[in-house]
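Student: Next come a sequence and a model predicted from it.
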Amino acid sequence: METKRVAIVGYNRIPFARMNTAYADKGNQDLLLPALNGLIDRYNLKGKLLGEVAGGATIKHISESNLIRETVMNTDLDPATPACDLQQACDTGIEAAIYIGNKIALGQIESGIACGVEAMSNIPFESSPRLRTALLKANKEKSVFGKIKQLLTPKLKDWMPIPYKGQEPKTGLVMGGHTEITAKYYGISREEQDELAFKSHQNMAKAYDEGFFDDMISPAYGLNKDNNLRRDTSLEKLATLKPAFDKQNGTLTAGNSTPFTDGASAVLLASEEWAKANDLPILAYITFSEIAGIEYVENKQNLLLAPVFAAERMLKKAGMSLEDFDFYEIHEAFAAQVLATLKIWENDDLAKKFGLEKALGKIDRDKLNVKGGSLAVAHPFAATGGRIIATLAKLLDEKGSGKGFISICAARGQGITMILEK
Ligand SMILES: CC(=O)CC(=O)SCCNC(=O)CCNC(=O)[C@H](O)C(C)(C)COP(=O)(O)OP(=O)(O)OC[C@H]1O[C@@H](n2cnc3c(N)ncnc32)[C@H](O)[C@@H]1OP(=O)(O)O
């Protein structure tokens, strides 16, 4: 069976905001809606019936099952447009693009939107198991006395809501804790991490000044720019920040780690025929993608390094080398995870020890995250994939030719890589 080419034909996102700032009182649907409506406006999709919208949030309230379909019905699209929720970690947005892309490739749909949202300011709290049991039992009791008796069983501390801690259930460590181990194990220095973070802010500031983001972002709730970008940062300032995760001997700080963030993004994908019929230029094609998992319970240093394997497998299938690309977009969860990934790809001994056949090659740093990365723009987990795909598609479109490489690490030891071509 012949497959169709998957074209990226549009994008939009709302400005990303550090948690508890511009979108402090907003939920997932509040953030996703302006991202989708901005896309619909920009590409004249009002009233259109699309093949499908897929996406998700890493963290949702229980009332948010079918979040994407609920949101789509509130947009200006034809309400008959179907939708699907996907839930991964930071790879949610890119996974949504693969899902929609595969359906287009198979001819099942002609167009679709891949989206992602994270309302970290509005994350749900959990309740203790003892409180949950008491509430369920109280609900079943017939008499008021019986209900009160059940409600008196939890201790006072059981009534306290349990906040999100972002720990890996299998290790009990937060991602910063794992990445601190990564930095030590792979010998990633504080200076290297701060340099990467500084470059990310510099690149993004320049991209804003050049107007690169002008047609990529629609304002929301009074915010018209990402609010994590620091034009006043410097290597000297970064060097003064205290370690955030290993207070004694750590090298990860608030400056070289992503902050918790609110935001939403969307990417419009289509077959070539649909793009032509709707008068939309093709920015780039999605040509390859690969997902990999990695063991990280014994090897805690490797939690965010699964893209190392995804890249090897993808490049083999594509018949390409890591050095063949014009642009590289590597998600900067932490500067240390990016630098460890590059180090393994570059160093033959390390690559073999890691489990690769051989080193994959050396990435030209001047081609890496040229419009800034997650350290500068910040990181609303599920929305990062869409932001990265959009950035790379626009870069390739502006260049008029070439290839771009994407790598996104994720919690639970997974990682996705993708190739875009013009
Ligand atoms: C989820 C997946 O699947 C995969 C992934 O992506 S993994 C990544 C997931 N992300 C995370 O885990 C988030 C990790 N981040 C955190 O936990 C927190 O942001 C953190 C612990 C690192 C920092 O939290 P915090 O201490 O509240 O940060 P914050 O108060 O903003 O900053 C501390 C100081 O550094 C300063 N600072 C931060 N960035 C700076 C910069 N670039 N330049 C100069 N100063 C900076 C701030 O101004 C602040 O200074 P003051 O104390 O003088 O106000």
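Tutor: Arrived safely, thanks for sending. Please read these numbers as outputs of a predicted model, since none were measured by experiment.
Student: Could I get the full set of strands for this structure?
Tutor: Taking DSSP state E, the strands of the chain run over residues 6-13, 17-18, 52-56, 83-85, 111-119, 261-270, 284-293, 327-330, 403-410, 414-421.
Student: got those as a markdown table, with mean pLDDT columns?
Tutor: Below are the strands of the chain laid out as a markdown table (pLDDT from 0 to 100):
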| stretch | mean pLDDT |
| --- | --- |
| strand 6-13 | 98 |
| strand 17-18 | 98 |
| strand 52-56 | 98 |
| strand 83-85 | 98 |
| strand 111-119 | 98 |
| strand 261-270 | 98 |
| strand 284-293 | 98 |
| strand 327-330 | 98 |
| strand 403-410 | 98 |
| strand 414-421 | 98 |
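Student: looking at these, which is closest to the ligand?
Tutor: With C-beta to the nearest ligand atom, the closest approach to the ligand among those belongs to strand 403-410: 3.7 Å. Every C-beta, even on glycine, is put in place using the N, C-alpha and C of the backbone.
Student: Go through the closest one and flag the buried ones.
Tutor: 403-410 (16 or more other C-beta atoms under 10 Å).
Student: Check stretch 118-129 too.
Tutor: So stretch 118-129, judged by 16+ other C-beta under 10 Å, has buried residues 118-123, 127-128.
Student: With respect to Gly386, which of these is nearest?
Tutor: Nearest to Gly386 among those is Glu118, at 11.2 Å by C-beta to C-beta.
Student: circling back: go through the buried residues of stretch 118-129 and flag which are in helices.
Tutor: Counting by DSSP state H, none of the members of the buried residues of stretch 118-129 fall within helices.
Student: Can you tell me which of the residues you listed is nearest Gly176?
Tutor: Distance to Gly176 across the buried residues of stretch 118-129 (C-beta to C-beta) is lowest for Met120, with 14.9 Å.
Student: who's in contact with the closest one?
Tutor: For Met120, the contacting residues are 19, 59, 260-262, 380-381, by C-beta atoms under 8 Å, 6 or more residues apart in numbering.
Student: okay if I get those as a markdown table plus distance to Leu252?
Tutor: Shown next, in a markdown table, are the contacts of Met120 (distance: C-beta to C-beta, whole Å):
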| residue | distance to Leu252 |
| --- | --- |
| Met19 | 18 |
| Ile59 | 22 |
| Phe260 | 15 |
| Thr261 | 17 |
| Asp262 | 22 |
| Pro380 | 20 |
| Phe381 | 18 |
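Student: and those as a markdown table, adding distance to Glu180 and neighbour count?
Tutor: Formatted as a markdown table, the contacts of Met120 follow (distance: C-beta to C-beta, whole Å; neighbours: other C-beta atoms under 10 Å):
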| residue | distance to Glu180 | neighbour count |
| --- | --- | --- |
| Met19 | 21 | 18 |
| Ile59 | 23 | 19 |
| Phe260 | 17 | 17 |
| Thr261 | 20 | 26 |
| Asp262 | 25 | 33 |
| Pro380 | 23 | 34 |
| Phe381 | 20 | 28 |
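Student: which of those are close to the ligand?
Tutor: 260, 381 (C-beta under 6 Å from any ligand atom).
Student: which one of the contacts of Met120 sits closest to Leu135?
Tutor: Distances from Leu135 to the contacts of Met120, taken by C-beta to C-beta, are shortest for Ile59, at 22.1 Å.
Student: what's the burial count for the nearest residue to Ser401 once chain neighbours are set aside?
Tutor: Nearest in space to Ser401, with sequence neighbours left out and distances taken as C-beta to C-beta, 6 or more residues apart in numbering, is Lys422 at 5.1 Å. The tally of other residues near Lys422 (other C-beta atoms under 10 Å) stands at 19.
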